[in-house]
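Chemist: below is the sequence, then the predicted model.
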Amino acid sequence: MKTVWDKFQEKDIKKVMDFSEGYKKFLDNAKTEREAVEQTIKLAKKAGFKEFSTVKSLKAGDKVYFNNRDKSIALFVIGKDELEDGMNILGAHIDSPRIDLKQNPIYEDTGLVLFDTHYYGGIKKYQWVARPLALHGVVCKKDGSKINVCIGEKESDPILEISDLLIHLSRDQLTKTGAKVVEGEDLNALAGSIPAKSKKEEKDLVKKNILNILKKDYNIEEDDFISAELELVPAGKARDLGLDRSLVMGYGHDDRICAYTSLMALLESNNPKRTSVCILTDKEEIGSMGSTGAQSAFFENCVAELLNLQDKNYNDLKLRHALERSFMLSSDVSAGYDPNYPQVNEAKNAAYLGKGISFNKFTGSGGKSGSSDAPAEFVAKIRKIMDKNKIMFQFSELGRVDQGGGGTIAYVLANHNMDVIDAGIAVQNMHAPYETASKGDIYEAYRAYKVFLKDA
Ligand code: MN
Ligand code: MN
């Protein structure tokens, strides 16, 4: 099988490895959607981007971004063509499956304090037990202040854990189906065991002690959890995988792998013909709803703001033109063919690790249901751009027909009547605490995004 590694020369491999170092750093520093937005703004500012509200006028070559509630972001490099003639858009999501704390999470049971949780996105619950977890997120206080939390990433930090049942007492448990081996309401994270000192008989002293620590170290009261977004994610850093270091294993490839590569391509877009865009969105894993999901009016509003600033005669039709004349690569991870589980794939139409960026004409499940299905004419245009620029690509489906399926944000943007195709990077163990991807694909996807912004 020919892969990107056959194509790469010695000097290319050096670039591939260097690029993946930047990506691993991004993964380590962006384990939540909020952290991903923060990292994105840092990188964007370094590349000359300005927050839109600080800009008085716009000309070709200008670089601006819109921050939506610190949870999603849209970045633009203004093109030489009119915005009304359409944009070249890269889109990906920055939320990942994880375990969220409930709004009333803390309780004490037999001298142990636990945090009750509600998982986020599609997970195999049994994968999330008996492993070090870090707590990331924000706590919003009634006075308007916001406390950032990140516990468990430094070597010296404590971690949390959701326990698993010991094998010795698992006779009943192991007769259950995989979906029931560990159930959602049993995902409670162990958080402490020392009681507060007290002169009188008091109950829940261990919980009291934990609340004292939260108050002292973070100024967090028990009530404040109501207005908090706290996420348990696997603790630790992304690592090179393979004796040849050709792969990366880390938390949250889905979909920060496409977010980072799209972002890097956009940051390097200088004086494009058509306006270059990168949208990094939240809530994809739970249906893209809400103010920070892809279905929000946020992106449309950003384009309206840009049009309005550039054109005294702004009107609604110009906005509609700008959207429907756009082209988009909606990027999300593909199911990488796994030699351990060949039976779920159809080999001719599977995505393989190392075979370059993976396009999906459609996603969905059960007869392509729920997919936006890119028009063949647009697919031909994409093939042409990739071939012209010698990008290695593959076309795939998410598994065998009727084996399962999944969706992305592609249909949401396609609903503006623009041409959208699903693109992305093949990963193994998607939605597991640690996912695996090829460094070669990461680099080839980044190259593909660059030429799409230039040539589409
Ligand atoms: Mn995804
Ligand atoms: Mn996903």
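Modeler: Sure, I can see it. As the structure is a prediction and not an experimental result, all values here were calculated from the model. Residues are numbered from 1 along each chain as shown. Ligands and ions are numbered 1, 2, ... in the order given.
Chemist: alpha carbons only for contacts and neighbour counts from here, please
Modeler: Noted.
Chemist: for stretch 72-83, how far is the first residue from the last?
Modeler: 22 Å (C-alpha to C-alpha, to the nearest Å).
Chemist: what do you get for stretch 139-152?
Modeler: Note: stretch 139-152 ends 17 Å apart using C-alpha to C-alpha.
Chemist: got the contact list for it?
Modeler: 133-138, 157-160, 218, 220, 224-225, 227-230, 235-236 (C-alpha atoms under 8 Å, 6 or more residues apart in numbering).
Chemist: buried set for that stretch?
Modeler: Across stretch 139-152, burial judged by 16 or more other C-alpha atoms under 10 Å covers V139, C140, K141, V149, C150, I151, G152.
Chemist: and stretch 358-371, by the same measure?
Modeler: So for stretch 358-371, counting by 16+ other C-alpha under 10 Å, buried means S358, F359, N360, K361, F362, T363, G364, S365, K368, G370, S371.
Chemist: residues in contact with stretch 395-415?
Modeler: 92, 284, 288, 294-295, 330, 332, 334-335, 344-346, 349-351, 358-367, 370-372, 420-422.
Chemist: hmm, back to that, and the furthest pair within the buried residues of stretch 139-152?
Modeler: K141 and G152 (22.5 Å; C-alpha to C-alpha).
Chemist: could you find the closest non-adjacent residue to the residue of the stretch 51-200 of the chain found nearest ligand 1?
Modeler: Across the stretch 51-200 of the chain, the shortest distance to ligand 1 (C-alpha to the ion) belongs to H93, at 6.6 Å. With sequence-adjacent residues excluded and distances taken as C-alpha to C-alpha, 6 or more residues apart in numbering, H93 is closest to T281, at 4.5 Å.
Chemist: ok, now I162?
Modeler: A189 is the one closest to I162 (C-alpha to C-alpha, 6+ apart), at 4.4 Å.
Chemist: I figured that neighbour was touching F115, is that so?
Modeler: Yes. With contact defined as C-alpha atoms under 8 Å, A189 counts as touching F115 (5.0 Å).
Chemist: more neighbours, those two?
Modeler: A189 (24 against 21; other C-alpha atoms under 10 Å).
Chemist: quick one, domains of the chain?
Modeler: 4-96+251-455, 98-234 (automatic domain parsing).
Chemist: return the distance of the last one from the chain's centre.
Modeler: Chain-centre distance of domain 98-234: 23 Å, with C-alpha atoms, centre = their mean, to the nearest Å.
Chemist: over to stretch 446-456?
Modeler: The answer for stretch 446-456 is 20 Å, by C-alpha atoms, centre = their mean.
Chemist: show the average pLDDT along it.
Modeler: The average pLDDT within stretch 446-456 is 98.
Chemist: which residues does E82 contact?
Modeler: R274.
Chemist: distance of it from L75?
Modeler: When distance is defined by C-alpha to C-alpha, E82 is 17 Å away from L75.
Chemist: mind giving me the packing neighbours of the lengthiest helix in the chain?
Modeler: For the chain, the longest helix by residue count, based on DSSP state H, is helix 10-29. Contact here means 3 or more C-alpha pairs under 8 Å, 6 or more residues apart in numbering; DSSP states H and E; on that basis helix 10-29 packs against helix 33-46, helix 253-267, helix 439-455.
Chemist: ligand 1 contacts on the chain?
Modeler: Within the chain, the positions lying close to ligand 1 (C-alpha under 5 Å from the ion) are D254, D255, D332.
Chemist: need the phi and psi values for the residue nearest to the spatial centre of the chain.
Modeler: In the chain, the centroid-proximal residue (C-alpha atoms, centre = their mean) is I94; its distance is 2.7 Å. Phi and psi for I94, reported as degrees, to the nearest 10, are phi -120, psi 10.
Chemist: for P97, same thing?
Modeler: Residue torsions, per degrees, to the nearest 10, at P97 are phi -60, psi 150.
Chemist: quick check: it touching G121?
Modeler: Yes. Using C-alpha under 8 Å as the test, P97 is close enough to G121 to be in contact (4.7 Å).
Chemist: any common contacting residues for those two?
Modeler: Joint contacts of P97 and G121 (C-alpha under 8 Å, 6+ apart) are E285.
Chemist: the two: which is more packed in?
Modeler: P97 (26 against 17).
Chemist: so who does the more buried one touch?
Modeler: With the criterion set at C-alpha under 8 Å, 6+ apart, P97 makes contact with Y119, Y120, G121, G122, I123, G252, E285, H431.
Chemist: so which of the buried residues of stretch 358-371 sit within strands?
Modeler: S358, F359, N360, G364, S365 (DSSP state E).
Chemist: tell me the contacts of the fourth one?
Modeler: Taking C-alpha under 8 Å, 6+ apart as the definition of contact, the neighbours of G364 are G370, S371, G405, G406, G407.
Chemist: separation between the third one and ligand 1?
Modeler: As judged by C-alpha to the ion, to the nearest Å, G405 and ligand 1 stand 12 Å apart.
Chemist: okay, and the beta partners of that residue?
Modeler: S365 (DSSP bridges).
Chemist: against G122, how distant is it?
Modeler: Applying C-alpha to C-alpha to G405 and G122 gives a distance of 12 Å.
Chemist: neighbour count: those two, which is higher?
Modeler: Neighbour comparison, G405 and G122: the larger count goes to G405, with 19 against 14 (by other C-alpha under 10 Å).
Chemist: per-residue confidence for that one?
Modeler: Model confidence at G405 (pLDDT) stands at 84.
Chemist: tell me the contacts of E231?
Modeler: E231 touches T32, R98, I99, D100, L101, L135, H136, G137, counting by C-alpha under 8 Å, 6+ apart.
Chemist: since we're on the second one, how many residues are nearby?
Modeler: To tie it back to what came earlier, the one meant is R98. Neighbours around R98, by other C-alpha under 10 Å: 26.
Chemist: surely it meets Y119?
Modeler: Yes. Contact between R98 and Y119 holds when scored by C-alpha under 8 Å: they sit 6.0 Å apart.
Chemist: in this structure, where is pLDDT below threshold?
Modeler: The model of the chain has no residue with pLDDT under 70.
Chemist: which strand of it spans the most residues?
Modeler: strand 98-109.
Chemist: quick one: contacts of it?
Modeler: Residues from elsewhere that reach strand 98-109 (C-alpha under 8 Å, 6+ apart): 113-121, 123, 204, 206-207, 225-233.
Chemist: stretch 37-57 now?
Modeler: Contacts of stretch 37-57 (C-alpha under 8 Å, 6+ apart): 26, 29-30, 62-67, 70-73, 263, 267-268, 309-310.
Chemist: what subset of these is buried?
Modeler: Buried, going by 16+ other C-alpha under 10 Å: 26, 30, 62-67, 70-73, 263, 267, 310, out of these.
Chemist: closest to I167 out of those residues?
Modeler: A30 (34.7 Å).
Chemist: who's in contact with that closest one?
Modeler: A36, V37, E38, Q39.
Chemist: distance of it from G121?
Modeler: Taking C-alpha to C-alpha, one finds A30 at 17 Å from G121.
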